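J.: for reference, the sequence and a predicted model appear below.
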Amino acid sequence: MNGNRAKNHNLIKMLVICFLGILLNVCGSQLAQGLDLPIYLDVIGTVVVTGLCGYLPGIVVGLFTNLINGFSNTDLFYYAIVNVLVAVITYIFVQKKWLFSVFGFVGLVLILTLLGGVHETLLNWATDPTAFKESGFGKTFMNASWPELIDKPIALGVFLLLHHFLPEHLKEYLHFEGWQQKAMSEEEKHAVESIHNRRISLRTKVTLLLTTVFLAIGSAAMIISVILYRQYCIDEHILLAQGTSQLVAATLDGDKVDMYLTLGEEAPDYGEVEKRLYNIRDNSTDVLYIYVYQIRPDGCHVVFDLDTEELPGAEPGEIIGFDESFSEDLQALLRGESIQPRISNDTYGWLITVYTPIQNKAGETVAYAAADVSMELVSEQQMSFLIKLLSLFMGFFVLAIATGRWISEYNIILPVNAMARSSSAFAYNDEDALEENVESLRELDIHTGDEIENMYQAFTKTTENNANYVNQLRTKTETIAQMQNALIMVLADMVESRDENTGDHVRKTAAYTRIIMDQLKEMGYYTDQLTDKFIYDVEHSAPLHDIGKIAVSDVILNKPGKLTDEEFAIMKTHTTAGADILEQVIDTVPDSGYLKEAKNLAEYHHEKWNGRGYPHGLSGEDIPLSARIMAVADVFDALVSDRCYKKAFSFEKAMSIIQEDAGTHFDPKVVEAFLAAQDKVREVAEHFRSMGGKLYKN
């Protein structure tokens, strides 16, 4: 309901603004005419409404101003396109901020002056070609342009004054927009309109569709109109020629035709009759030739043939041959019958010719009165009509395209692009982001009342459902991850419980690996490998690094003294045994990425940087990074912890041993990171000692 009220208010506002703009134009025009000013003052309203309110109200004002003025002066109908284009060009200059500079102001004045001058020159050429030829293009153009050169700065100046002094909130209120959704700022609107399209934008397609439809309909209408107008002109000129020839026939006495042929100008009243024929022709500027012929088999015998400025008439009694265009009518003429008007393009040019029989008292046809009208005149009238019609059509065409573009902009393009922009910014990384996604869609508030709104509602509903599903999935995933970590820890505890020496070894080493990885990342080492996922996988799979000990005998695992070579060889197999166990799990759950690092930890955490470790004797960076990190964590915890075969070293001693073995046993960068984070390492050690049991000596 609120949306409908807003639309109605917007429509009423536009109608009032357009009415005031038209009134300003009409009053200005009437004032200029009443004071006989050398300017028009008929575009002030167009410029002001366009600049303050937008291109569509400006085009409406421009077009209907000339339609209203045209009722008092029909020629003004055909200047509508000029007023419409004034609105379009002014809008471009205002939008681009060009008008607000001196160069932009002068440039717009010159463009509008050129537009008006060229249009009026073309109309003069089309409506009065004779006068146009006499004055020439240059003079006609200059006479048309001077008033424009004064008129347009006045209109633009009025707009600039209003733009400068009107308060911003009033200018915002006057600006006409047709939002079918939550209104956007200029920046947001520009961002939405600038969305990249793979080929052709919907805006361009709509414009092309509208242009094609209106051009097709308009062209068909204009072609039909021109054809009908041409036939109308021909019919009118035929009627003129018929009336003229009938008047000539009524002027002559048929019984005197033979005398006129024999005596010619010596006949008693020949000169008087000829004078009356000249008067008949001169009373109609459209009649080109008047003549009287007697038709005989040997040709046309001249009775009267009036002189023209371009061509002297034939003498009485002179015989003129038949034009080929009259061959079909020759026998009818010889019989003295009436013939249909004929359009010909022969000896004397492109003409409409009408023959009217002249009869004597006996009812015999003794001659024919003929009148010719030039078809060039018809062509000129047709061209004039076409130019005027085209000018008027272009005004409506621009209005139709602008209206269609405006409606599609606010009802289709902006809503669709707003949805596209909102969805492209979706984030699924946390629950708050998901809620923001849904809220950003709700805030669009699209209410076009058509299929676009249906799509928006469905899209919003789908997004809400997806957000709920993702949240549920995330909860389940977190639960599974917790179960996974718990199972890993339970499994590690089961292995650890067989080893009386280790204590919270798996938990402490996991904590140390996290400290080392965070420090390495902070120091800029191995950043391409230390992704968030890698760090998570290593930390949470670290407890499985000794899972292979499940395959080692309790006797060897818990032997209080030093192991024999044979026993140590068996102990070393816990690395490959752990790898085999985890490989079997990986085959069962192939997408569990953390198991890959668990396998690396189990198999390679006893490899040494110098290649003297086991089980494969790898060296340097051939050893997986996770295993190199675990090596430091594992050895450090062994050093600071009591074992059945040794006492714990102090924290400082353990750190010293780790530092000494950098580059031989351990990766130097890992050791560097470990030493740099020793305060955090000490905190972890203190934490586990406080939970029970002596961890290391002070």
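T.: Great, that's in hand. Because the structure is a prediction, the values reported are computed rather than measured.

J.: report how many residues lie close to the closest residue to A677 other than its chain neighbours.
T.: Of all residues not flanking A677 in the chain, Q519 sits nearest, at 4.2 Å (C-beta to C-beta, 6 or more residues apart in numbering). Using the backbone N, CA and C atoms, a C-beta is placed for each residue, glycine as well. Applying other C-beta atoms under 10 Å, we find 20 residues neighbouring Q519.

J.: wait, Q519 touches A673, no?
T.: Yes. Applying C-beta atoms under 8 Å, one finds Q519 in contact with A673, separated by 3.9 Å.

J.: report how many residues lie close to M375.
T.: Residues near M375, counting by other C-beta under 10 Å: 20.

J.: no, scratch that, I was asking about N10
T.: Neighbour number of N10 under other C-beta under 10 Å is 14.

J.: and whichever helix or strand it is part of, what does it pack against?
T.: Element membership for N10 (DSSP states H and E) is helix 2-34. Where contact means 3 or more C-beta pairs under 8 Å, 6 or more residues apart in numbering; DSSP states H and E, helix 2-34 is packed against helix 44-53, helix 55-69.

J.: where does G363 fall, helix, sheet strand or coil?
T.: coil (DSSP: H, G, I helix; E, B strand; the rest coil).

J.: got a list of what G321 touches?
T.: G321 makes contacts with G299, C300, as judged by C-beta atoms under 8 Å, 6 or more residues apart in numbering.

J.: what sits closest to L174 if chain neighbours are left out?
T.: Setting aside the residues directly before and after it, L174 is nearest to L52 in space (C-beta to C-beta, 6+ apart), at 4.8 Å.

J.: tally up the residues packed near that neighbour, please.
T.: Neighbourhood size, L52 [other C-beta under 10 Å]: 22.

J.: I figured it hits H163, correct?
T.: Yes. Using C-beta under 8 Å, L52 makes contact with H163 at a distance of 7.0 Å.

J.: quick check: neighbours shared by these two?
T.: Once C-beta under 8 Å, 6+ apart is applied, the residues that L52 and H163 both contact turn out to be K171.

J.: contacts for whichever strand or helix holds the residue nearest to A677?
T.: Q519 belongs to helix 505-523 when elements are defined using DSSP H and E. Helix 505-523 has contacts (C-beta under 8 Å, 6+ apart) with 489, 492-493, 496, 499, 526-527, 530, 534-535, 538-540, 542-546, 626, 629-630, 632-634, 636-638, 641, 669-670, 672-674, 676-677, 680-681, 684-685, 688.

J.: and those residues, which of them are in helices?
T.: 489, 492-493, 496, 534-535, 538-540, 626, 629-630, 632-634, 636-638, 669-670, 672-674, 676, 680-681, 684-685, 688 (DSSP state H).

J.: now these: which count as buried?
T.: 489, 492, 496, 534-535, 538-540, 626, 629-630, 632-634, 636-638, 669-670, 672-674, 676, 680-681, 684-685, 688 (16 or more other C-beta atoms under 10 Å).

J.: mean confidence score for the helix holding N10?
T.: What helix 2-34 shows for mean pLDDT is 84.

J.: what of stretch 217-235?
T.: Stretch 217-235 comes out at a mean pLDDT of 89.

J.: what do you get for stretch 579-594?
T.: 76.

J.: do stretch 125-142 as well
T.: 74.

J.: max-length helix in this protein?
T.: helix 202-251.

J.: same for that one, what does it pack against?
T.: Using 3+ C-beta pairs under 8 Å, 6+ apart, helix 202-251 sits against helix 270-282, strand 287-296, strand 349-359, strand 365-374, helix 375-408.

J.: mean pLDDT and distance to V416 for those - can I get that in TSV?
T.: Converted to TSV, the helices and strands packed on helix 202-251 look like this (pLDDT from 0 to 100; distance: least, C-beta to C-beta, whole Å):
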stretch	mean pLDDT	distance to V416
helix 270-282	93	69
strand 287-296	93	63
strand 349-359	91	57
strand 365-374	93	59
helix 375-408	84	10
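
J.: how about JSON lines for these, with distance to V61 added?
T.: Putting these into JSON lines (distance: least, C-beta to C-beta, whole Å) gives the following:
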{"stretch": "helix 270-282", "distance to V61": "47"}
{"stretch": "strand 287-296", "distance to V61": "45"}
{"stretch": "strand 349-359", "distance to V61": "44"}
{"stretch": "strand 365-374", "distance to V61": "42"}
{"stretch": "helix 375-408", "distance to V61": "11"}
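
J.: would you mind telling me which of the ones you listed is nearest F64?
T.: When the helices and strands packed on helix 202-251 are compared by C-beta to C-beta, helix 375-408 sits nearest F64, at 9.2 Å.

J.: tell me which other helices or strands the closest one touches.
T.: helix 55-69, helix 80-95, helix 102-127, helix 202-251, strand 349-359.

J.: so it versus helix 202-251, what angle?
T.: With axes from the mean of the first three to the mean of the last three C-alpha atoms, to 10 degrees defining the directions, helix 375-408 sits at 160 degrees from helix 202-251.

J.: next, count neighbours for the residue lying closest to Y355 once chain neighbours are set aside.
T.: Setting aside the residues directly before and after it, Y355 is nearest to Y368 in space (C-beta to C-beta, 6+ apart), at 4.4 Å. Y368 has 24 neighbouring residues, counting by other C-beta under 10 Å.

J.: using the three-state scheme, assign the closest residue to N10 other than its chain neighbours.
T.: Among residues not flanking N10 along the chain, G178 sits closest, at 6.5 Å (C-beta to C-beta, 6+ apart). With three-state DSSP as the basis, G178 sits in coil.

J.: from R405, how far off is G178?
T.: The gap separating G178 from R405 is 11 Å, by C-beta to C-beta, to the nearest Å.

J.: now do T513
T.: 63 Å.

J.: who has more neighbours, the two?
T.: T513 (25 against 18).

J.: for that one, give me the pLDDT.
T.: On the pLDDT scale, T513 gets 94.

J.: re earlier: among the helices and strands packed on helix 202-251, which is nearest S185?
T.: helix 375-408 (19.1 Å).

J.: buried residues in that closest one?
T.: Result for helix 375-408 [16+ other C-beta under 10 Å]: buried residues 375, 377-378, 380-382, 384-402, 404-406, 408.

J.: quick one: low-confidence ranges for the protein?
T.: For the chain, the stretches flagged by pLDDT under 70 are 1-7, 130-132, 193-198, 424-434, 470, 474-503, 589-594, 643-646, 691-698.

J.: what's the residue closest to the geometric middle of it?
T.: Residue closest to the mean C-alpha point of the chain, counted by C-alpha atoms, centre = their mean, is R203 at 4.2 Å.

J.: hang on, that one packs against L414?
T.: No. Assessed by C-beta under 8 Å, R203 is found out of contact with L414, at 9.6 Å.
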